[in-house]
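Q: compute the structure for the input listed below.
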Amino acid sequence: MNANREYPYGLFAGVFRGWWLVACLAVIALLVYRDGLPDLAREIAYASLPDIEESFELWSRLGLATSFTDGLPAALLSLPGAWLVDRFGPRRVALYGLPAVVIGYLVLIGAEPVNWVMYLGIALSTIGAALGFSWVPAAALNHWFHRYKATAMAVPLFCFGLWQSAIDPFVGSLTDFLGWRIASAAVGIGAVAVVMPLAWQIRDRPEDQGLYPDGTPLVNGDTHPDYTWWEAIRSRSFWLLVVGDGCLSAVGMGSLLLSGVDEFGADDPWGIGHVDTGRMVASTASVLVCALIADRIPVRYVLTGLASVLAGALVLLPAGGAGSGFGFEVLLGVALGGSQAVRIAARGIYFGRRNFATIAATGVLLVLPFQLVAIPSLYGLYDLSGGTLAPLSLAFAGCLIGGLGYLLAGPPEPAPSQRTLHAGVSRRRGQVRRVDGVQDRGAGAIFTRRTVFRGGSANTHP
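A: This next block holds a predicted model:
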């Protein structure tokens, strides 16, 4: 590599080193992704069980244990994991957390179906993934990118979306050929061979390598927001983003329930909604497409547009017919999948790098009450009205409130401590400074300050 840490020749000539970090994190995510129990460990655990007709009790016990890892406990674990990332850096947290996931895979070798050893393997994998990796990719990439923040965060999610379509046949073929114990050993050894060397490639910030975010220095006079956790939760934009995210996720979950009404009929109105190919494909593709758009226009407009897409899906749901059903599936996939990376990237755009993981994890926890309220509310409204029109109207109103929350968040602004610092510097130098506005450029939003001086030097202070 040359002095700028760019590859001078071949396929990677001129490529910013941060994209190599994106690729490393995408590969790691395939083995340890999900805040709760990693999907690969879950599939291996289920492969160890006898046929469901032979032992329904074992399936129920393991199903309860694994579903527990994906709910509130996993979300609560992710908050201290986010604090650790902000305190010690993504690299150090990954180097201590990823071995726990790998050991969890290896512990499954000695497990009998649903015994304490299997629970230990599940616990190790869950704790390692939630504490040691859940916020590592987002935090590291938030440090390395400004202009392409959303795209960088979307690549691991996009790769995992592709992997989800292949994980079931992969584990099925592996366990059929090797048996579930040897398959677990193979996955554990493979994780050691692949994950740990890649984890050593993680670097917390581009400045550690003598680089700049995106590979280019800031223009003199430009700066980015840099909030503490306390400053963020006291800001108006933080709570408006929480309202937008809460409405979007709650209405999305409610839409799946309402589609279950049409699928299973009134006798089982809240049965499991069917998993359809159209929605999965649309969700996976939109992760990357919406992130690319969010890096070019203000992120609040992209999120407002996704809330509008979800509202359009709700309009199609009661129409009936194959065409309307397919349109609903695609629009729902676009709204839910497209918002994944954009919503996390928005925290970095609005609040900067200092406490990004803790701020983002706090926002995720505050979204959970919206989801917990959505299901019983829609369920009760369906029972009271005897149809889907009333709950659909409530969900549609939620889309409007969420979109309005994103719009009212406004453009990113510097933190109060940054504004105080600028004011103090200007007063000390006898300078009179006027802020003419904010240049709002999507995920690369920066604050352009035009300064008028009366005496003193003409230097600006970012």
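Q: now do the helices in the stretch 51-200 of the chain.
A: 56-68, 72-88, 90-107, 116-132, 136-144, 149-178, 180-199 (DSSP state H, counting those that start in this stretch).
Q: touching stretch 395-408 from outside, list them.
A: 240-248, 250-251, 254-255, 258, 300-301, 303-304, 307-308, 310-311, 314-315, 374, 378 (CB atoms under 8 Å, 6 or more residues apart in numbering). All C-beta atoms are positioned from the backbone trio N, CA, C, and that covers glycine.
Q: show me which helix or strand of the protein is least confident by mean pLDDT.
A: One helix or strand of the chain scores below all others by mean pLDDT, DSSP states H and E: strand 447-448, with a mean of 42.
Q: how close does the residue nearest to residue 291 when sequence neighbours are not counted sit to residue 362?
A: In this structure, residue 291 finds its nearest non-sequential neighbour in residue 154, 3.5 Å apart by CB to CB, 6 or more residues apart in numbering. Computed with CB to CB, to the nearest Å, the distance linking residue 154 and residue 362 is 22 Å.
Q: neighbour count winner among those two?
A: Shown here are residue 154 and residue 362; by other CB atoms under 10 Å, residue 154 has more neighbours (30 against 20).
Q: distance of that one from residue 202?
A: 18 Å.
Q: kindly report the same for residue 299.
A: Distance of residue 299 to residue 202, given as CB to CB: 25 Å.
Q: comparing the two, which residue is more hemmed in?
A: Between residue 299 and residue 202, counting by other CB under 10 Å, residue 299 is the more crowded of the two (29 against 21).
Q: show me what contacts the residue lying closest to the more buried one once chain neighbours are set aside?
A: Distance criterion CB to CB, 6+ apart; nearest residue to residue 299, sequence neighbours excluded, is residue 346 at 4.9 Å. Contact partners of residue 346, counting by CB under 8 Å, 6+ apart, are 241, 299, 300, 303.
Q: of all the residues you listed, which two lie farthest apart?
A: Pairwise distances across those (CB to CB) peak at 9.7 Å, for the pair 241 and 299.
Q: report pLDDT for the residue nearest to residue 190 when sequence neighbours are not counted.
A: Excluding its sequence neighbours, the residue lying closest to residue 190 (CB to CB, 6+ apart) is residue 31, at 8.0 Å. We have a pLDDT of 73 for residue 31.
Q: which helix or strand contains residue 31?
A: helix 17-32 (DSSP states H and E).
Q: give me the helices and strands touching that helix, please.
A: Secondary structure elements in contact with helix 17-32, counted by 3 or more CB pairs under 8 Å, 6 or more residues apart in numbering; DSSP states H and E, are helix 90-107, helix 116-132, helix 136-144, helix 149-178, helix 180-199.
Q: and the ones you listed: which comes nearest residue 394?
A: Closest approach to residue 394 among the helices and strands packed on helix 17-32 (CB to CB): helix 149-178, 29.3 Å.
Q: flag every buried residue along that closest one.
A: Residues of helix 149-178 classed as buried: 149-161, 163, 167, 171, 174-175 (neighbour count, 16 or more other CB atoms under 10 Å).
Q: quick one: list the elements packing against that helix.
A: helix 17-32, helix 39-47, helix 136-144, helix 180-199, helix 277-294, helix 322-351.
Q: hang on, residue 82 packs against residue 363?
A: No. Residue 82 is not in contact with residue 363 according to CB atoms under 8 Å; the separation is 10.3 Å.
Q: what's the per-residue pLDDT of residue 228 here?
A: 92.
Q: phi, psi of it?
A: phi -80, psi 170 (degrees, to the nearest 10).
Q: quick one: the closest residue to it other than its chain neighbours from residue 159, how far?
A: With CB to CB, 6+ apart as the measure, residue 355 is the residue that lies nearest to residue 228, at 5.7 Å, once sequence neighbours are left out. Distance from residue 355 to residue 159, counting by CB to CB: 27 Å.
Q: OK, contacts around residue 418?
A: 223, 225, 226.
Q: which helix or strand contains it?
A: helix 416-428.
Q: what does residue 398 give?
A: Judged by DSSP H and E, residue 398 forms part of helix 389-408.
Q: what are the buried residues along that helix?
A: Buried residues in helix 389-408 (16+ other CB under 10 Å): 391, 392, 395, 396, 398, 399, 401, 402, 403, 404, 405, 406.
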